[in-house]
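1. The following block contains a protein sequence and its predicted model.
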Amino acid sequence: MMLARSLIRFPKHTIDNPRFISRFIMPATNGTAPPASKKAKVCQPDLRSVTSAASPDAMANMWEDNTTTTATGLKVADEKVLYSGFDGVQTEFCPYDVTSKTYDNTRSPLGLNIVFGSLALNGKPLPSQKVLDVGCGTGTFIAKIQHKVQEVVGLEYNDGMLAQARELLGETVKLVQGSAASLPFEDQSFDGVVINQVVHHFPQDNDYAFLKGFLAEAFRVLRPGGHLIISTSAPEQQRDSFWWLSLFPKASEAICSRFPPIAVMTDSMRSVGFQVDADSIAVPLHRTLMSEEKYLAQGVESAFSAEYRAGDSSWSMAENSGELQEGLSSLKEKLNAGTADVFLQEREALRLSKGQATFVTATKKNLGGGSVSGC
Ligand SMILES: C[S@@+](CC[C@H](N)C(=O)[O-])C[C@H]1O[C@@H](n2cnc3c(N)ncnc32)[C@H](O)[C@@H]1O
């Protein structure tokens, strides 16, 4: 009865969403965490705080109950919705088992020029290099580089993403399920490691211990002279360069805090032995993470499409924080009042001044006196 009442409050498209069903219709867990399964076929949200009768308002309140101050001093609401990974660990805020199916409808690889430019600084010719793509997602980046290098291997955490990558790439590319925390590869076995838009999925606690663990792993698997190329966003790029995020203030704070500041990134890289200099940082001002045709094709109307929202994980954060419906209503009001175009223009001006992505390249210096990179 309670459940039926809560269902009536949601619009049809929300109720049809499998994420909604798992969040609001699955049985409550009486305050205990679901058991950690060794190999979860479908990622399950952590329902410790979310019962079958929870409403968006209740979820929003739960976000306000507890706050944490991050290592960089930002106060953020604690996240309450986390999904289990294949290893039973619950850190993922994004339901990639669902969104992986339509992810490529909006996204397209960016920064190929930056990645190839960095790899070319390695003393080894590009066609004889072996490259690892960590968090390869649906495999589209691998598809773009596989014929230009000797071999590219993909490591991916999520079942759904991995399945999409296998479908795209077939058996010609080695794909491994695993976590960036512990790379299942031999020491010095790659000439390049790339990781595109993944580090914001890492836990941030203990002063970015997970990120530093990954950086140490990347250093270990790289050959001397090799490069690690990280595509991420600075927190302020995340806040200002995605037009929809100002509609969701709590989600905006939460997602910004998940992106390590660039200084944290470069300091952490140096702390594990990488060399970083002024050439290491590149910001493409014009490219969007989504494909350019899709990003603004429908203007702000795209916000009402679940497929569009599957193309960026900040939308999941808005849903997790209970702000999605309210933010969409405020957008509808702007459309009705004729102010949506001005809103979008102002947000887009900010994006073009900051860009959405930052590439940080680090070099494992060749101490042996052989061929070294340009850094
Ligand atoms: C925004 S998607 C980016 C996918 C792909 N790199 C791209 O640029 O299209 C983030 C990806 O990181 C993966 N991921 C998250 N945490 C991870 C971890 N600890 N180790 C490996 N991959 C992870 C997710 O499963 C997801 O596929």
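-> That came through fine. Numbers count the residues shown, from 1 in each chain.
2. what does the stretch 101-250 of the chain put close to the ligand?
-> 107, 134-137, 140-141, 155-158, 161, 179-181, 196-198, 201 (C-beta under 6 Å from any ligand atom). Where C-beta positions appear, they are placed from N, C-alpha and C, glycine not excepted.
3. Kindly recompute the last result at 5 Å.
-> With C-beta under 5 Å from any ligand atom as the criterion, the stretch 101-250 of the chain comes near the ligand at residues 135, 137, 157-158, 161, 179-180, 196-198, 201.
4. So which of those belong to helices?
-> If you go by DSSP state H, these have residue 161 in helices.
5. want to throw the residues of the stretch 101-250 of the chain next to the ligand into TSV with neighbour count and pLDDT?
-> Putting those into TSV (neighbours: other C-beta atoms under 10 Å; pLDDT from 0 to 100) gives the following:
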residue	neighbour count	pLDDT
135	22	98
137	26	98
157	25	97
158	24	97
161	24	97
179	22	97
180	23	98
196	23	98
197	22	97
198	21	98
201	19	95
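6. of the residues of the stretch 101-250 of the chain next to the ligand, closest to residue 227?
-> Comparing these against residue 227 with C-beta to C-beta places residue 196 closest, at 14.0 Å.
7. Correct me if wrong: that closest one contacts residue 139.
-> No - contact criterion C-beta atoms under 8 Å: residue 196 and residue 139 do not qualify, at 11.4 Å.
8. Go through this protein and flag its longest strand.
-> Longest strand of the chain, by residue count under DSSP state E: strand 222-232.
9. So for that strand, mean pLDDT?
-> Computed over strand 222-232, the mean pLDDT rounds to 97.
10. And it, how far out from the chain middle?
-> Its chain's average C-alpha position is 19 Å from that of strand 222-232, according to C-alpha atoms, centre = their mean, to the nearest Å.
11. The next helix or strand after it - contacts with which helices or strands?
-> Using DSSP states H and E, the helix or strand that follows strand 222-232 in sequence is helix 235-240. Helices and strands touching helix 235-240, as assessed by 3 or more C-beta pairs under 8 Å, 6 or more residues apart in numbering; DSSP states H and E, comprise helix 249-258, helix 340-354.
12. what's helix 235-240 in contact with?
-> With contact meaning C-beta atoms under 8 Å, 6 or more residues apart in numbering, helix 235-240 is reached by 72, 74, 200, 245, 252, 255-257, 259, 261, 314, 347, 350-351, 354-358.
13. Any of the residues you listed buried? List them.
-> The neighbour count (16 or more other C-beta atoms under 10 Å) marks 200, 245, 252, 255-257, 259, 261, 314, 347, 350-351, 354-358 as buried among these.
14. Where does the stretch 51-200 of the chain get nearest to the ligand, which residue?
-> residue 137 (2.6 Å; C-beta to the nearest ligand atom).
15. Quick check: that residue vs residue 178, distance?
-> 14 Å (C-beta to C-beta, to the nearest Å).
16. shared neighbours of these two, anything?
-> Jointly contacting residue 137 and residue 178 under the rule C-beta under 8 Å, 6+ apart are residue 156.
17. returning to that earlier point: what pairs with the longest strand of the chain, parallel or antiparallel?
-> Strand 222-232 sits in its sheet next to strand 190-196 (parallel), strand 358-363 (antiparallel), going by DSSP bridges.
18. Select, out of those, the one closest to residue 114.
-> Per C-beta to C-beta, nearest to residue 114 of the strands paired with strand 222-232: strand 358-363, 4.8 Å.
19. so how far is stretch 154-164 off the chain centroid?
-> Worked out by C-alpha atoms, centre = their mean, stretch 154-164 lies 13 Å from the chain centre.
20. Since that was my last question, I'll sign off now.
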